[in-house]
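A.B. asks: Requesting a structural model of the entry that follows:
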Amino acid sequence: MNMRVRFVSILICGLALFGAQSFAQSVRQGTSTPQGQEQLASLPPNSNSMEAVASEIDLLRKSVQTLSTRLREISDKLAPEAKENDSSNDKVRRISANIELLARTEERAGILRKQLLELIEKETSSRSRLAQIDEDIRPENIERALSGIGTTRTVELRETRRRVLENERKGLESLLNQTTSSRSRLEEDVRQADSLVTKLRQRLMPLIEREIEKINPN
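C.D. replies: Numbers count the residues shown, from 1 in each chain. As a prediction, the model looks like this:
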């Protein structure tokens with residue numbers, strides 16, 4: 001559209017300039033010939049010829065003014081269309097940027113959700129193992145586990161078995177506390193990411209639908 005305005009401006013200015021140059025050339029040609037010089041010398045200062053020249057110059061000036069006015073009118077008429085196109089292009093660029101932002105936000109939400117699921121699985125596994133340790137560490141179960149071993153060091157083996165299970169339980173409890181704390185933070189991050197995705201979709205989808213309707217009204 002800017003090229004169109006520029007082309008019209010150049011065309012009108014060229015016509016005005018061509019008209020002025022043609023008129024000046026005709027005046028110069030008329031006065032440069034011997035007959036023209038003799039006629040100009042024989043004319044009195046206030047002759048009709050001088051008035052005719054002045055009239056032609058005045059008409060040319062008015063013609064240039066008219067062309068300039070017309071040029072401004074055309075420019076004013078085309079300028080809003082150019083601005084409208086620029087505004088439309090800006091809107092498309094903003095929509096594209098928002099689509100990219102939405103894609104990145106959805107990707108981040110998906111990554112966080114995957115991390116949360118993995119953490120929940122780890123937490124579930126830790127709790128299941130803790131429940132099993134609580135059963136295994138009971139004296140009767142330790143005794144049952146060592147009943148098939150023929151040895152005179154039964155008491156020492158029972159104590160060793162109990163310490164192993166106790167240490168494993170402490171490690172799992174510490175891991176479970178960390179996992180629970182991390183899960184709480186991840187759950188909040190997932191909620192915020194999902195909320196942002198929802199807001200972006202609610203604002204972006206109507207804009208996309210309006211642009212699609214402009215392309216295909218039906």
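A.B. asks: Who are the packing partners of the helix or strand where residue 170 lies?
C.D. replies: Element membership of residue 170, judged by DSSP states H and E, is helix 154-215. Of the remaining helices and strands, those touching helix 154-215 by 3 or more C-beta pairs under 8 Å, 6 or more residues apart in numbering; DSSP states H and E are helix 48-136, helix 139-146. For every residue, glycine as well, the C-beta is placed using N, CA and C.
A.B. asks: Considering these, which stretch scores lowest in mean pLDDT?
C.D. replies: Among the helices and strands packed on helix 154-215, helix 48-136 carries the lowest mean pLDDT, a mean of 74.
A.B. asks: quick one, what contacts residue 186?
C.D. replies: Going by C-beta atoms under 8 Å, 6 or more residues apart in numbering, residue 186 touches 112, 115-116, 119.
A.B. asks: Please produce JSON lines containing those residues, extended by distance to residue 126.
C.D. replies: Converted to JSON lines, the contacts of residue 186 look like this (distance: C-beta to C-beta, whole Å):
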{"residue": "112", "distance to residue 126": "21"}
{"residue": "115", "distance to residue 126": "16"}
{"residue": "116", "distance to residue 126": "15"}
{"residue": "119", "distance to residue 126": "10"}
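A.B. asks: Of the residues you listed, select the buried ones using a ChimeraX command.
C.D. replies: Only the buried members of those end up in this ChimeraX selection, burial being decided by 16 or more other C-beta atoms under 10 Å:
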select :112,116,119
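A.B. asks: now, among the contacts of residue 186, which is nearest to residue 103?
C.D. replies: Nearest to residue 103 among the contacts of residue 186: residue 112, at 15.2 Å, using C-beta to C-beta.
A.B. asks: thought the closest one was touching residue 191?
C.D. replies: No - at 9.6 Å, residue 112 and residue 191 do not qualify as touching, with contact defined as C-beta atoms under 8 Å.
A.B. asks: isn't residue 197 right next to residue 101, touching?
C.D. replies: No - contact between residue 197 and residue 101 fails when scored by C-beta under 8 Å: they sit 10.1 Å apart.
A.B. asks: So what's the residue count around residue 180?
C.D. replies: Residue 180: 13 surrounding residues under other C-beta atoms under 10 Å.
A.B. asks: quick one: contacts for it?
C.D. replies: Going by C-beta under 8 Å, 6+ apart, residue 180 touches residue 123.
A.B. asks: how far away is it from residue 161?
C.D. replies: Separation of residue 180 from residue 161 (C-beta to C-beta, to the nearest Å): 28 Å.
A.B. asks: what do you get for residue 102?
C.D. replies: Using C-beta to C-beta, residue 102 is found at 56 Å from residue 161.
A.B. asks: Check residue 104 too.
C.D. replies: 53 Å.
A.B. asks: With residue 175 instead?
C.D. replies: 21 Å.
A.B. asks: just residue 195 next, same as before
C.D. replies: Separation of residue 195 from residue 161 (C-beta to C-beta) stands at 50 Å.
A.B. asks: go on, residue 146?
C.D. replies: Taking C-beta to C-beta, one finds residue 146 at 7 Å from residue 161.
A.B. asks: Next: residue 140.
C.D. replies: For residue 140 relative to residue 161 (C-beta to C-beta), the value is 12 Å.
A.B. asks: higher neighbour count, these two?
C.D. replies: A count of neighbours by other C-beta under 10 Å puts residue 161 above the other of residue 140 and residue 161, at 17 against 7.
A.B. asks: My guess is that one contacts residue 144. True?
C.D. replies: No - counting by C-beta under 8 Å, residue 161 does not reach residue 144; the two are 10.9 Å apart.
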